[in-house]
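K.L.:
When you get a sec, could you give me coordinates for this:
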Amino acid sequence: MISKEMEELLKFYNVGLTAYKQRKWDEAIQAFEKALAIKPGDGPSAEYLRRSRAFKKEPPSPDWDGVYVMTTK
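P.N.:
Reported below is the predicted structural model:
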């Protein structure tokens, strides 16, 4: 059984991930920020928040399929 806090975090994370895949950067950013308000150290939410902000500034190509390509190790 998961805690109520974790349920809320997962709800916002999933909303953010859906928005991210649909290129709805503002919605994704808002959802990941809410997830991080619940658990500030959540790595996946922090990473997708960073990516969403970056894509908002410089959107991926029109044929982007949601895959993120790392450019550094």
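K.L.:
and residue 61, how far is that from residue 36?
P.N.:
From residue 61 across to residue 36, the span is 28 Å (C-beta to C-beta, to the nearest Å). C-beta coordinates here come from the backbone N, C-alpha and C atoms, glycine included.
K.L.:
The two: which has the busier surroundings?
P.N.:
Higher neighbour count among residue 61 and residue 36: residue 36, with 18 against 6, using other C-beta atoms under 10 Å.
K.L.:
Retrieve the pLDDT associated with the more buried one.
P.N.:
Here, the pLDDT recorded for residue 36 equals 97.
K.L.:
List the contacts of it.
P.N.:
Residues near residue 36 by C-beta atoms under 8 Å, 6 or more residues apart in numbering: 42, 45-46, 49.
K.L.:
Quickly find the element holding it.
P.N.:
helix 25-38 (DSSP states H and E).
K.L.:
Name the nearest of the contacts of residue 36 relative to residue 32.
P.N.:
Ranked by distance to residue 32 (C-beta to C-beta), those are led by residue 49 at 3.8 Å.
K.L.:
out of everything not next to it in sequence, what's closest to that closest one?
P.N.:
Computed as C-beta to C-beta, 6 or more residues apart in numbering, the closest residue to residue 49 that is not its neighbour in sequence is residue 32, at 3.8 Å.
K.L.:
okay but the one you found is in contact with residue 12, surely?
P.N.:
Yes: counting by C-beta atoms under 8 Å, residue 32 touches residue 12, with 7.2 Å between them.
K.L.:
The two: which has the busier surroundings?
P.N.:
A direct count of neighbours by other C-beta under 10 Å for residue 32 and residue 12 places residue 32 higher, at 28 against 21.
K.L.:
Could you report the pLDDT at the more buried one?
P.N.:
Value for residue 32, per-residue pLDDT: 98.
K.L.:
from here on, count from 543
P.N.:
All set: I'll call the first residue 543, so the last point we hit is now residue 574.
K.L.:
That one and residue 549, how far apart?
P.N.:
Distance of residue 574 to residue 549, given as C-beta to C-beta: 16 Å.
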